[in-house]
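Peer 1: sharing a sequence plus its predicted fold:
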Amino acid sequence: MADLDSIVAEIARDMQMITERGHVADYIPPLACVDPAKFGIAIIDAGGTAHVAGDADEAFSIQSLSKVFGLTLALTLEGSELWSRVRQEPSGSAFNSIVQLESEHGIPRNPFINAGAIVISDILVSRLGRLGARQALLDFALSQSGAPEGLHIDENMARQERDTGFRNAALANYMRTFGNIRNPIEDTLDLYFHQCALTMSCRQLAEIGCYLMTGGVDLRSGRMITSVPDARTTMALMMMCGHYDGSGAFAIRVGLPGKSGVGGGIMAIAPGLASVAVWSPGLNSQGNSLLGTLALERLVQRTGWSVFNPFPLSVQTIP
Ligand code: GLU
């Protein structure tokens, strides 16, 4: 029976052979410079052991993956009140779409599209202030990352996104007209852009995701990070909305709650079994990592980890 170390090594080897890697995001200038040949994968299993391959220790911009951590922090501070300002439904639209906001009175469909994440940032600014919220997110990531070396907020990335983020500014301004942004737009966006500029490796990202694998508990200390219902809600939203209008295809191909970012990262959770992070900067037409999705599909074929698998979940191999 193949073990997780050989499975990730084999996946990384296979991914290196593939030449069609999608297109790196270029609407945020520093992302356009990332080498599309990069590929990393990291798994933290339920016992806390890491299984890594490829560029798993190279830091990259996690972008929208950070929306999961922003939501966790906001749920802790605001509780279920939060759901009056952002809904829990798939959008079926692009990550930065504005179209539904008019007919739905400025209430975004879910916290993982840009509009929803901007509302979450606004809630965090109200609770903790612009700089306090930024620090709280960074502290959360640092404290859960296992080894925090290299994990940081890339100021240049945040600045360049602010300078080019006209659509995010439009979303925020538009929601403000409905009263769903309550702080100065620049404060809310400042937090949103800094959150998106969190930079870390696949190994660190998979370590951070462990609190979802365990249903809310810090795997290392046993401390509650979030409640069981909030962890379950977050993973349900990841399954339904974590890949924007590619969420259905991801659920079918991979079958795990996952969240993607335009930096090419994907975090996926096999509840009770593993926290997984992959990174390959080239994106498909929905803005999700092309090879990252393929790698997760291969992983699930090899392990049987899809939550839709009718058989007992354990490491299985396909002969
Ligand atoms: N910072 C990016 C934006 O707001 C995040 C998008 C993503 O990663 O999907 O456009």
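Peer 2: Received, thanks. All of these numbers come straight from a predicted model, not from anything done at the bench.
Peer 1: surely residue 56 and residue 41 touch.
Peer 2: Yes. Assessed by CB atoms under 8 Å, residue 56 is found in contact with residue 41 at 6.0 Å. Every C-beta, even on glycine, is put in place using the N, C-alpha and C of the backbone.
Peer 1: what touches both of the two?
Peer 2: With contacts taken as CB atoms under 8 Å, 6 or more residues apart in numbering, residue 56 and residue 41 have residue 202 as neighbours in common.
Peer 1: more crowded one of these two?
Peer 2: Taking neighbours as other CB atoms under 10 Å, residue 56 and residue 41 compare with residue 41 leading, 31 against 24.
Peer 1: least confident secondary structure element in this protein?
Peer 2: Least confident helix or strand of the chain, by mean pLDDT, DSSP states H and E, is helix 99-103 with a mean of 92.
Peer 1: what does it contact?
Peer 2: 91, 93, 107, 108, 109, 115, 171, 174, 175, 178.
Peer 1: only whichever of those are buried, select them in PyMOL.
Peer 2: Here is the PyMOL command that selects the buried residues among these (16 or more other CB atoms under 10 Å):
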select buried, resi 91+107+108+109+115+171+174+175
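Peer 1: quick check: residue 214 vs residue 304, distance?
Peer 2: 20 Å (CB to CB, to the nearest Å).
Peer 1: the helices in the chain, which residues?
Peer 2: Secondary structure of the chain by DSSP state H: the helices cover 4-17, 66-78, 99-103, 114-128, 130-144, 155-164, 166-177, 185-196, 202-213, 228-241, 247-253, 290-303.
Peer 1: just the contacts of helix 99-103 now: which is nearest the ligand?
Peer 2: Set against the ligand, the nearest of these by CB to the nearest ligand atom is residue 171 (8.9 Å).
Peer 1: my guess is the closest one contacts residue 117. True?
Peer 2: No. Residue 171 is beyond contact range of residue 117, at 9.6 Å (criterion: CB under 8 Å).
Peer 1: near the ligand, which residues of the stretch 101-250 of the chain show up?
Peer 2: For the stretch 101-250 of the chain, the residues in contact with the ligand (CB under 6 Å from any ligand atom) are 114, 161, 168, 196.
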